[in-house]
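Colleague: Please find the sequence and the predicted model below.
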Amino acid sequence: MRKVAIITGGSSGMGFEAAKIIGDDYLIVIASRSEEKLKKASNELKNLNIDVIYKTLDISNKESIYHFINEIKDIGDIKVLIHSAGMSPHMGDYKTIIDANAIGSVILNQEILKLMNNGVIINVSSMSSYLTPSFILPKRKYKYAFCDIEKLRKSLYKRTKLFPLKVRSGVAYGISKNFLSWYSIASSIKAGEKNVRVISVSPGCFDTAMGKMESDEGNKYITTSALKRVGDPKEIAYLFKSLVDVNNSYLTGIDIKCDGGVYAYNKNKKLIKEIGE
């Protein structure tokens, strides 16, 4: 049975670059909302002699997720899920962002895990997971992901609504990505019973379509980072390739920052000042 790697957000950016470099070893399933973009990406991958199929998926819509699962459940031996689909603050209102980045991610993770044995799930979070002030984060409500998904949804909505309308999308993004990092670590325990590893990766500013949407905010972090540049999607794709490699089979239950040193710089400003910039 052919080994399968599912890549959400696979029609562009990080997901597309990941498909290009792990395609030699797997049947690749790319998924995103736009069928037009999927067709284009699929043709490009086929030109690289990569065995690929595509399926539409709206990660903010649970019915779309269940339809997607039904379409791929018998496709082969699912070994990899790289879940890079998500919504940035400029892509929707706070409810849609929470539904995609938090609720949809939980449903997708749980349904894919049912189909996996001896594999790896990588959830793409964000450096915003670390930079969002802790008083904003309703961490005590995160546990509902494992027992009452609708209660989790309502709790995240409720926290976001405490803030002015104009900043709610940004707040929702920070909360949802912090939750996704937490969930990846927490869910790794149960997943380990099936020898499935769960890891989250928190990217910084990358040269992607989504990154360009958030460039006004992202540019502020580029100047206060170690490398002082945006990342190339190929750079994080190579991280994904390393994480799915069987030689990394003892690595699970962690979040990996790939942000060019944004977190290191912003969390150590006092030390940086003391040692001299």
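Modeller: Great, that's in hand.

Colleague: Spatially nearest residue to Ala226 (excluding sequence neighbours)?
Modeller: Nearest non-adjacent residue to Ala226, counting by Cβ to Cβ, 6 or more residues apart in numbering: Gly261, 2.3 Å away. (Glycine included, C-beta is placed from N, CA and C.)

Colleague: can you check Ile112 too?
Modeller: Excluding the flanking residues, the one nearest Ile112 by Cβ to Cβ, 6+ apart is Leu81, at 5.0 Å.

Colleague: ok but that neighbour is inside a strand, no?
Modeller: Yes - counting by DSSP: H, G, I helix; E, B strand; the rest coil, Leu81 is found in a strand.

Colleague: List the contacts of it.
Modeller: 5-8, 108-109, 112, 116, 119-122 (Cβ atoms under 8 Å, 6 or more residues apart in numbering).

Colleague: One more: Val244?
Modeller: Here Val244 is in contact with 5, 22, 79-80, 82, 120, 122 (Cβ under 8 Å, 6+ apart).

Colleague: PyMOL command to pick out the buried ones of those residues?
Modeller: Here is the PyMOL command that picks out the buried ones among the contacts of Val244, judged by 16 or more other Cβ atoms under 10 Å:
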select buried, resi 5+22+79+80+82+120+122
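
Colleague: rewinding a little: what separation is there between the residue nearest to Ile112 and Leu57?
Modeller: 12 Å (Cβ to Cβ, to the nearest Å).

Colleague: Pull up the overlap in contacts between those two.
Modeller: Each of Thr8 lies in contact with both Leu81 and Leu57 under the rule Cβ under 8 Å, 6+ apart.

Colleague: centroid residue for the protein?
Modeller: Nearest to the geometric centre of the chain sits Val124, at 2.0 Å (Cα atoms, centre = their mean).

Colleague: Give me the residue ranges of the chain where confidence is low.
Modeller: Applying pLDDT under 70 to the chain flags residues 209-219, 269-277.

Colleague: can you pull out the helices in it?
Modeller: Listed in chain order, the helices of the chain (DSSP state H) span 13-22, 35-47, 62-72, 94-98, 105-115, 128-131, 149-160, 168-191, 209-213, 215-223, 233-244, 262-266, 269-275.

Colleague: Distance to Asp255 added to these, as TSV?
Modeller: What follows is the helices of the chain, written out as TSV (distance: least, Cβ to Cβ, whole Å):
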stretch	distance to Asp255
helix 13-22	16
helix 35-47	27
helix 62-72	23
helix 94-98	19
helix 105-115	14
helix 128-131	7
helix 149-160	19
helix 168-191	4
helix 209-213	19
helix 215-223	18
helix 233-244	12
helix 262-266	11
helix 269-275	22
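
Colleague: closest to Ile256 out of those helices?
Modeller: Among the helices of the chain, the nearest to Ile256 by Cβ to Cβ is helix 233-244 (7.1 Å).

Colleague: roughly how far is that closest one from the heart of the chain?
Modeller: Between the centre of helix 233-244 and the centre of its chain there are 13 Å (Cα atoms, centre = their mean, to the nearest Å).

Colleague: tell me the angle of it relative to helix 13-22?
Modeller: Calculated by axes from the mean of the first three to the mean of the last three Cα atoms, to 10 degrees, helix 233-244 forms an angle of 60 degrees with helix 13-22.

Colleague: Return helix 233-244 as CSV; C-alpha atoms alone will do.
Modeller: Listed next in CSV are the C-alpha coordinates belonging to helix 233-244 (Å, rounded to 0.1, in the frame of the first residue of the first chain):
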residue,chain,number,x,y,z
PRO,A,233,9.2,29.0,2.3
LYS,A,234,11.8,26.5,1.2
GLU,A,235,13.6,26.9,4.5
ILE,A,236,10.6,25.8,6.6
ALA,A,237,9.8,23.1,4.1
TYR,A,238,13.1,21.5,4.8
LEU,A,239,12.3,21.6,8.5
PHE,A,240,9.1,19.7,7.8
LYS,A,241,11.1,17.2,5.8
SER,A,242,13.4,16.6,8.7
LEU,A,243,10.5,16.2,11.1
VAL,A,244,8.7,13.6,9.1
